[in-house]
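Undergrad: 3D model of this:
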Amino acid sequence: VAVNKMDTTKWSEDRFNEIIKETSTFIKKVGYNPKAVAFVPISGWHGDNMLDESPNMGWYKGWSKETKGGVVKGKTLLDAIDAIEPPTRPSEKPLRLPLQDVYKIGGI
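TA: Predicted coordinates:
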């Protein structure tokens, strides 16, 4: 979860923790484990914590999340994106294709 616009809160650690708490409650209600989610404070406008660590958030020590392979840690949004595990593909099952849309073609 990228917590954006941290620059508008003057990079407030308290506000970031408040958002983590509220979002974790919601994530839990919809059936996900909040411990398996990385929370990253960012400022898209200034590029803070997007690709490189931000000097504006010295209090931020990084994120960690639990995965099937163990605990993964990082500091930036790019690290969090790179840590997403792709879903396993059921290659031993019959061919499955995602249905995008249904087109009705008349006269055929």
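Undergrad: mind listing the strands in this protein by residue range?
TA: 2-3, 40-41, 63-67, 70-74 (DSSP state E).
Undergrad: Contact partners for Trp59?
TA: Going by Cβ atoms under 8 Å, 6 or more residues apart in numbering, Trp59 touches Glu13. Backbone N, C-alpha and C define where each C-beta goes, glycine included.
Undergrad: Starting from Arg15, give me the distance back to it.
TA: 12 Å (Cβ to Cβ, to the nearest Å).
Undergrad: what's the answer for Lys93, then?
TA: 46 Å.
Undergrad: still on that earlier bit, want to try TSV for the strands of the chain, with mean neighbour count and mean pLDDT as columns?
TA: Formatted as TSV, these follow (neighbours: other Cβ atoms under 10 Å; pLDDT from 0 to 100):
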stretch	mean neighbour count	mean pLDDT
strand 2-3	18	95
strand 40-41	26	96
strand 63-67	16	91
strand 70-74	12	92
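Undergrad: Of those strands, which is nearest Ser54?
TA: strand 40-41 (8.0 Å; Cβ to Cβ).
Undergrad: What is the closest one packed up against?
TA: Packed against strand 40-41 by the contact rule (3 or more Cβ pairs under 8 Å, 6 or more residues apart in numbering; DSSP states H and E) you find strand 2-3.
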